[in-house]
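1. Just the structure for this:
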Amino acid sequence: MSNRPYNPPFLLRNGHIQTFLASSSLRVWGSNAMQASARAEMVTTDAGVHLLGFRSRQQDPQQDPRPKGLVVLLHGWEGSSDSTYIRRTGRSLYQRGYEIFRLNFRDHGPTQHLNPGLFFAASLDEVFDAVRRVSQESSKLPVFLVGFSLGANFALRIAVRCHCQPIPNLRHVVAISPVLDPEESTRRADRHPVIRRYFIKKWRKSLALKQRLFPHLYDFSAAIGSRTIRQTTNLILARYGEFSSTRAYFDAYTLTGTRLNDLSVPTTLLTSADDPIIPVQDFHELQLNPSTSLIVHRHGGHNGFLEGPGLRSRYENDLPSLFDRWTQNAHSTPL
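-> Residues are numbered from 1 along each chain as shown. The predicted model follows:
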């Protein structure tokens, strides 16, 4: 990723505007060769969890028949493989010669019917296993993992696990606007009425569908009627979770302090000082090893980093350039 100064136009220097536009459908008009070539794939983990993904293989006869690599994209909470930032990023990388795999977490996108169990953000095993399987199936290609928000949290935890359970062809991990302290991020999301309504509306819809599909397992009436993300979380964990408390649940996927010190996969973290959901101070207090790069921009919001009237994200340009350096020299040092 580039550490050059990021100076968006004046009208894009507000973190909330950047955050809202990052997921806006205004950014996905026009053709998308990555989506046109996508084919659905079911990934079944060792534990029998079914996760739906979409693979886009390179099909341009004018290009080198061997793609540069495979990029696995992980969306944020209540997002999906069709989230705006996923589609834009995938399109940019696909145009530069990379194959794309967009993974849906459990109960995200059109997948509530695939598993009777609920999605919990602390459940790393199924996502790690899915990424490992997809990487193994593309063993002749270098693999890159890019996550956004909660997906970035998953990407970082996968990189940590690689210290003791390596994914051999995983070359680089990029975490964009990663959630480091989920309890604090929940508190901040609840404080902002627009952000709170955005997530609550999507979560209620998902829970209602899950209840209709598995009425013998779930009754979310109290949770669907709650007004905050934290209250909904408390109610679901109390009835269906396996954690001693909500605090224990959040702690299971907190990544502050020294928890990223053992990263063995080269990793880049990108965040902004004006992110309305994630406090920038958490990044300044991280203890990172030399294989990890941290980039903090003054502006950019959450998953934003938009540049100009075309609403193109800075990382849409930076990610292909970063991965190109790795494909040209696997031992190069990330910038």
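2. Please compute how far stretch 95-110 lies from its chain's middle.
-> Relative to its chain's centre, stretch 95-110 lies at 10 Å (CA atoms, centre = their mean, to the nearest Å).
3. Quick check: which element contains residue 152?
-> Using DSSP states H and E, residue 152 sits within helix 150-161.
4. pLDDT averaged over whatever helix or strand comes next after that helix - what is it?
-> Following helix 150-161 in sequence order, the next helix or strand is strand 170-176 (DSSP H and E). Taken as a whole, strand 170-176 has an average pLDDT of 97.
5. Ok, stretch 189-201 next?
-> 96.
6. How far does it sit from its chain's centre?
-> Relative to the centre of its chain, stretch 189-201 is centred 19 Å away, using CA atoms, centre = their mean.
7. Show me the contact partners of it.
-> 16, 19, 20, 77, 78, 227, 228, 229, 230, 232, 276, 277 (CB atoms under 8 Å, 6 or more residues apart in numbering). Every residue, glycine included, has its C-beta placed from N, CA and C.
8. Can you say which of those residues are buried?
-> Among these, the ones that count as buried by 16 or more other CB atoms under 10 Å are 16, 19, 20, 77, 78, 228, 229, 230, 232, 276, 277.
9. Among the residues you listed, which ones are in strands?
-> Judged by DSSP state E, strands contain none of the buried ones among the contacts of stretch 189-201.
10. Inside helices: which ones of those?
-> Using DSSP state H, the subset of the buried ones among the contacts of stretch 189-201 located in helices is 16, 19, 20, 229, 230, 232.
11. would a markdown table of those with distance to residue 304 and pLDDT be doable?
-> Output for these, formatted as a markdown table (distance: CB to CB, whole Å; pLDDT from 0 to 100):
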| residue | distance to residue 304 | pLDDT |
| --- | --- | --- |
| 16 | 10 | 95 |
| 19 | 6 | 96 |
| 20 | 9 | 94 |
| 229 | 21 | 98 |
| 230 | 24 | 97 |
| 232 | 26 | 97 |
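12. Going by distance to residue 327, which of the residues you listed wins?
-> The closest of these to residue 327 turns out to be residue 19 (CB to CB; 31.8 Å).
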